[in-house]
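A.B. asks: kindly return the folded structure for what I paste below:
(one chain, ligands or ions: 2)
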Amino acid sequence: MTVINVDRSHDISQPLEKLSPDETLKANSDQLRGTIAAGLEAELTAAVPGTDIKLMKFHGVYQQDDRDIRDERRRQKLEPAYRFMARVRLPGGVLSPSQWLKLDELGRAYAGDTLRLTTRQTFQLHRVHKKNLRAVMQGLRDVLLDTRAACGDDSRGVMASINPQLSALHAEIYALAKKASDHAIPKTGAYREIWYGEERVATKGPEEPLYGKTYMPRKFKIGFVIPPINDIDVYAQDLGFIAIVEGKKLKGFNIAIGGGMGRTDNAPKTYPRLATVIGFIPKDKVIETCDATMEVQRDYGDRADRSHARFKYTIDDKGVNFIKAEIESRLGFSLQPAKPYNFTSNGDAIGWQKGEDGREHFTLLIENGRVSNFADIKLFDGLREIARVHKGMFRVTPNQNLIIADIEAGDRPAIEGLLNEYGLDRLNAGSGLRLNAMACVALPTCGLAMAESERYLPTLIGKIETILAEHGLTDEPITIRMTGCPNGCARPYIAEIALTGRAPGKYNLYLGGGFHGQRLNKMVLENVGEPAILDHLAMVIGHFAKERQPDERFGDFAIRAGYVAEVKEGRYFND
Ligand code: SRM
Ligand code: SF4
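C.D. replies: Numbering: from 1, shown residues only. Ligands and ions are numbered 1, 2, ... in the order given. This is a model prediction of the structure:
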């Protein structure tokens, strides 16, 4: 038996010998230091040594290789074209123009002339060479950004609603999201030592008071939402805070626990699950609630089987009542009954909007979050020019779009001029389907992708748009989401139409998700190609056009018309 040094003060429930190899790795990593620093210096390979790949995730860095040229490299007997993805930690998706300009500079210098906005409101820099990783981290530090805990078994980037119209509420919720993020971030000095070259500083107590030596059993995701827009998809979060507002004043939050999208094909024990609302807390109890909930998952989450380690499985194994009681006992008070609230959509309001403080905001559709200079539209250049003159802030939305936010009325013409000069305003001219679409990155960088996603969804949407146009439904808002594998990075299982990759050119098709993220969809076709997908959608869309009831949503219709059974329990076992 491997003897490992685990801090048992936190991990109360599981015998050491049953821990998964990842637990051993974390426990023996010297609080996430491992041999990462040495691996970065190794010149004979563009990769880092085996176990450091996993540890680097806690630093927001993924080793990947260019899958487009993997076979060719193999034929040439070369190692894969290793590069790294760095994910920025950006609570609530808010950044300043100078931070944008630094990301722009780093994207051009080190990340293949592109930036990628993500479904959790942040940036990824892909294709970074190992030798340039420190330059990226230090460049981010220059503008007070970093990649700490953007991945790994810890609290990931904390999301927050972006609703630009509710200026004061947005500011208050954003401040709470930032506070929760700063609070839950790992405290180890490993990041500063490895990436900034700082000396190790001795700590008086444990380096990680919350996480101990083995951190969380799995990733843990927190988000704050302001009804009626469920833009963050609060039911997909491990811990969701639903703002309860009375007379424009924030009173507190309903707490939702145990959301998660990931599943594996042909593995019935894995499933997407919508979060369960368990009660209400006053707004001054947010940090305590984060701590109490994370501690419960830290102590009871499955540390033997990583495929069963997310909070959703802990809750279903132990029971919601048990988990709620554990949270309450750590909080030292009982949750109040949940308060009423109402969601109407989970999309972004594209275009110009005015905040209650009179400032203006422009939400720009960034198709699948990809910022680049395309043949027809110089998006990367246009946004750089806007950042050079913009005096407000930017907000990355949970739908991979971008808000040029907080524009004083007098500054609007300059922003409009640049949007027009670079043709960016044309991006917002899509159909109701395109404006409500998301795709994950998938090929060529994602090592888990089984099919295309970001590079294919725009083409598929074009074909579905033809069907919609035949039925006069071009402007109908319908959510569509695609992922290259079942992991669910674009939160597909709550979309009205979803496609998850099975093999090159082959997808599972799902229908019946709720328009505001309130209901899971269900698979209607398995492992099929484009012709079958389009045939099926043409049939349902045609029927929808003829027989929908007034204001009936496409996902609701798919259930009422019998194309798919309603998922009532917030989870299902599909395989
Ligand atoms: Fe994700 C793993 C990309 C949001 C569920 N996700 C990955 C990796 C890192 C692949 C890997 O492990 O090697 C992907 C990197 C691809 C690349 O080349 O960039 C990846 N996930 C993304 C992003 C970039 C998708 C996007 O196109 O925007 C999103 C980054 C969010 C961020 O800024 O932090 C992203 N991933 C999500 C979400 C959505 C969310 O959190 O709201 C989910 C579903 C919610 C959930 O967690 O349940 C999600 N990603 C996963 C999973 C499945 C987890 C599970 O419980 O089974 C994996 C695989 C894993 O962890 O084993 C994964
Ligand atoms: Fe990769 Fe799958 Fe996530 Fe898409 S859903 S980014 S293919 S892990």
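A.B. asks: where do the helices of the stretch 301-450 of the chain begin and end?
C.D. replies: With helices called from DSSP state H, counting those that start in this stretch, the stretch 301-450 of the chain shows them at 311-318, 320-331, 379-389, 412-421.
A.B. asks: ok, now how distant is the nearest residue to Leu419 once chain neighbours are set aside from ligand 2?
C.D. replies: Leaving aside its chain neighbours, Leu419 sits nearest to Asp425 (4.6 Å; criterion: C-beta to C-beta, 6 or more residues apart in numbering). Every residue, glycine included, has its C-beta placed from N, CA and C. Remark: distance between Asp425 and ligand 2 (C-beta to the nearest ligand atom, to the nearest Å) = 29 Å.
A.B. asks: run a quick neighbour tally on Asp425.
C.D. replies: 18 (other C-beta atoms under 10 Å).
A.B. asks: which strand or helix spans Asp535?
C.D. replies: Secondary structure assignment for Asp535, by DSSP states H and E: helix 530-547.
A.B. asks: got the CA coordinates for that helix in PDB?
C.D. replies: Taking C-alpha atoms only, helix 530-547 is exported to PDB below (Å, rounded to 0.1, in the frame of the first residue of the first chain):
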ATOM      1  CA  GLU A 530     -25.900  15.800 -40.400                       C
ATOM      2  CA  PRO A 531     -28.600  14.400 -42.700                       C
ATOM      3  CA  ALA A 532     -30.400  12.700 -39.900                       C
ATOM      4  CA  ILE A 533     -30.100  15.700 -37.700                       C
ATOM      5  CA  LEU A 534     -31.500  18.100 -40.300                       C
ATOM      6  CA  ASP A 535     -34.300  15.700 -41.300                       C
ATOM      7  CA  HIS A 536     -35.400  15.400 -37.700                       C
ATOM      8  CA  LEU A 537     -35.200  19.100 -37.000                       C
ATOM      9  CA  ALA A 538     -37.100  19.900 -40.200                       C
ATOM     10  CA  MET A 539     -39.900  17.700 -39.100                       C
ATOM     11  CA  VAL A 540     -40.200  19.200 -35.600                       C
ATOM     12  CA  ILE A 541     -39.700  22.800 -36.700                       C
ATOM     13  CA  GLY A 542     -42.400  22.400 -39.400                       C
ATOM     14  CA  HIS A 543     -44.800  20.900 -36.900                       C
ATOM     15  CA  PHE A 544     -43.900  23.700 -34.400                       C
ATOM     16  CA  ALA A 545     -44.600  26.400 -37.100                       C
ATOM     17  CA  LYS A 546     -48.100  24.900 -37.700                       C
ATOM     18  CA  GLU A 547     -49.200  24.000 -34.300                       C
END
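A.B. asks: buried residues of it, list them for me.
C.D. replies: By 16 or more other C-beta atoms under 10 Å, the buried positions in helix 530-547 come out as 533-534, 536-538, 540-541, 544-545.
A.B. asks: so which elements touch that helix?
C.D. replies: Judged by 3 or more C-beta pairs under 8 Å, 6 or more residues apart in numbering; DSSP states H and E, the packing partners of helix 530-547 are helix 457-470, strand 506-511, strand 522-528, helix 554-560.
A.B. asks: repeat that for 6 Å
C.D. replies: With contacts taken as 3 or more C-beta pairs under 6 Å, 6 or more residues apart in numbering; DSSP states H and E, helix 530-547 sits against helix 457-470.
A.B. asks: what does the chain have sitting close to ligand 1?
C.D. replies: Counting by C-beta under 6 Å from any ligand atom, the chain comes close to ligand 1 at 62, 64, 85, 87, 118-120, 122, 124, 150, 156-157, 221, 236, 260-262, 310, 369, 440-441, 445-448, 487-491.
A.B. asks: go again using 5 Å as the cut-off
C.D. replies: For the chain, the residues in contact with ligand 1 (C-beta under 5 Å from any ligand atom) are 118-120, 122, 157, 260-262, 310, 440-441, 445-448, 487-489.
A.B. asks: give me the buried subset of those residues.
C.D. replies: Among the residues of the chain next to ligand 1, those classed as buried by neighbour count (16+ other C-beta under 10 Å) are 118-120, 122, 157, 260-262, 310, 440-441, 445-446, 487-489.
A.B. asks: show me the domain layout of this structure.
C.D. replies: 18-152, 157-187+216-346, 351-428, 434-560 (automatic domain parsing).
A.B. asks: so which of those comes closest to Glu207?
C.D. replies: For those, proximity to Glu207 was assessed by C-beta to C-beta; domain 18-152 is nearest, at 4.8 Å.
A.B. asks: endpoint to endpoint, that closest one covers what distance?
C.D. replies: Domain 18-152 has an end-to-end distance of 21 Å (C-alpha to C-alpha, to the nearest Å).
A.B. asks: what's the average pLDDT for that domain?
C.D. replies: Across domain 18-152, pLDDT averages out at 96.
A.B. asks: can the buried residues of helix 530-547 go into CSV with extra columns for pLDDT and distance to Thr276?
C.D. replies: Shown next, in CSV, are the buried residues of helix 530-547 (pLDDT from 0 to 100; distance: C-beta to C-beta, whole Å):
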residue, pLDDT, distance to Thr276
Ile533, 98, 32
Leu534, 98, 37
His536, 98, 32
Leu537, 98, 32
Ala538, 98, 37
Val540, 98, 30
Ile541, 98, 33
Phe544, 98, 31
Ala545, 98, 36
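A.B. asks: which one of those is nearest to ligand 1?
C.D. replies: If you rank the buried residues of helix 530-547 by distance to ligand 1 using C-beta to the nearest ligand atom, Ile533 comes first, at 20.4 Å.
A.B. asks: residues in contact with that closest one?
C.D. replies: Residues near Ile533 by C-beta atoms under 6 Å, 6 or more residues apart in numbering: Leu509.
A.B. asks: mind redoing it with 8 Å?
C.D. replies: By C-beta atoms under 8 Å, 6 or more residues apart in numbering, the residues touching Ile533 are 460, 499, 507, 509, 525.
A.B. asks: can you tell me how far the residue of the chain found nearest ligand 1 sits from ligand 2?
C.D. replies: Nearest residue of the chain to ligand 1: Gly262, at 2.1 Å (C-beta to the nearest ligand atom). Remark: distance between Gly262 and ligand 2 (C-beta to the nearest ligand atom) = 9 Å.
A.B. asks: contacting residues for that residue?
C.D. replies: Counting by C-beta under 8 Å, 6+ apart, Gly262 touches 270, 272, 310, 486-488.
A.B. asks: check these against ligand 2, which are close?
C.D. replies: Asn487.
A.B. asks: among the contacts of Gly262, which one sits closest to ligand 2?
C.D. replies: Distances from ligand 2 to the contacts of Gly262, taken by C-beta to the nearest ligand atom, are shortest for Asn487, at 3.9 Å.
A.B. asks: contacting residues around the closest one?
C.D. replies: Going by C-beta under 8 Å, 6+ apart, Asn487 touches 261-263, 448.
A.B. asks: how about Pro80?
C.D. replies: Pro80 touches 47, 65-66, 70, 73-74, counting by C-beta under 8 Å, 6+ apart.
A.B. asks: can you do 10 Å?
C.D. replies: 46-47, 63-67, 69-70, 73-74, 447 (C-beta atoms under 10 Å, 6 or more residues apart in numbering).
A.B. asks: ok so, going back, just the buried members of the contacts of Ile533?
C.D. replies: Among the contacts of Ile533, those scoring as buried are 460, 499, 507, 509, 525 (criterion: 16+ other C-beta under 10 Å).
A.B. asks: dump these to CSV, plus pLDDT.
C.D. replies: Below are the buried ones among the contacts of Ile533 laid out as CSV (pLDDT from 0 to 100):
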residue, pLDDT
Leu460, 98
Leu499, 98
Tyr507, 98
Leu509, 98
Leu525, 98
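A.B. asks: show me what from the stretch 351-500 of the chain comes close to ligand 2.
C.D. replies: Residues of the stretch 351-500 of the chain found near ligand 2 (C-beta under 5 Å from any ligand atom) are 440-442, 446, 448-449, 483-485, 487, 489.
A.B. asks: so which of the residues you listed comes closest to Leu473?
C.D. replies: Using C-beta to C-beta, these come closest to Leu473 at Thr483, 24.3 Å.
A.B. asks: bridged to that closest one, which residues?
C.D. replies: Thr500 (DSSP bridges).
A.B. asks: retrieve the pLDDT associated with it.
C.D. replies: pLDDT at Thr483 comes out at 98.
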